[in-house]
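1. no sequence on this one, just coordinates:
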């Protein structure tokens, strides 16, 4: 016999005495996590890459495009790798990146941060990445 009691984000499953076991077990297990759906940020990313090419950053834009639009196994993996590619692109281009392209990349990183919070743009993402080095964030 199985009893299920909902308690916030946990499900408590209790197996009563049955013929297979002489002891009752109490098991705690997490509910399946609610999947966060991101909006499609790839058209925005394509526009940011085009603006970077127009600004003379063709080599860095090609590297970003090849990393961001590669084949990945899962959508979560694709978002994470794209976020890392954007961070590397920003580090490589620095202040040469046009403001409009930077704004579009911020929008992409905001969508990616729904799945990977450490990849969010701005100082909040930088703090999370720094804390992540120490296993805190």
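-> Nice, thanks for sending it over. No experiment lies behind these values; they were computed from the predicted model shown.
2. show me where the protein has helices.
-> Taking DSSP state H, the helices of the chain run over residues 42-54, 58-68, 75-93, 99-112, 122-133.
3. I'd like the mean pLDDT over the longest one, please.
-> Helix 75-93 shows a mean pLDDT of 92.
4. who's in contact with residue 72?
-> 78, 81 (C-beta atoms under 8 Å, 6 or more residues apart in numbering). Just so you know, the C-beta spots here come from the backbone N, C-alpha and C atoms, and that holds for glycine as well.
5. ok, now how distant is it from residue 133?
-> 25 Å (C-beta to C-beta, to the nearest Å).
6. could you do residue 119 as well?
-> Counting by C-beta to C-beta - residue 119 and residue 133 are separated by 14 Å.
7. these two: which is more packed in?
-> residue 119 (23 against 8; other C-beta atoms under 10 Å).
8. and the helices of the chain, which one is worst for confidence?
-> helix 122-133 (a mean of 80).
9. next, the angle from it to helix 99-112.
-> 50 degrees (axes from the mean of the first three to the mean of the last three C-alpha atoms, to 10 degrees).
10. may I see the buried residues of stretch 74-88?
-> By neighbour count on 16 or more other C-beta atoms under 10 Å, the buried set for stretch 74-88 is 78, 79, 80, 81, 82, 83, 84, 85, 86, 87.
11. my error: substitute stretch 113-126 in the last question.
-> Result for stretch 113-126 [16+ other C-beta under 10 Å]: buried residues 113, 115, 116, 118, 119, 120, 121, 125.
12. which one of the residues you listed is nearest residue 66?
-> Distance to residue 66, by C-beta to C-beta, is smallest for residue 119 among the buried residues of stretch 113-126, at 18.7 Å.
13. measure the residue lying closest to that closest one once chain neighbours are set aside to residue 108 for me?
-> Closest residue in space to residue 119, ignoring its immediate chain neighbours: residue 83 at 3.5 Å, by C-beta to C-beta, 6 or more residues apart in numbering. Separation of residue 83 from residue 108 (C-beta to C-beta) stands at 8 Å.
14. equivalent analysis for residue 95, please.
-> 19 Å.
15. who has more neighbours, these two?
-> residue 108 (25 against 5).
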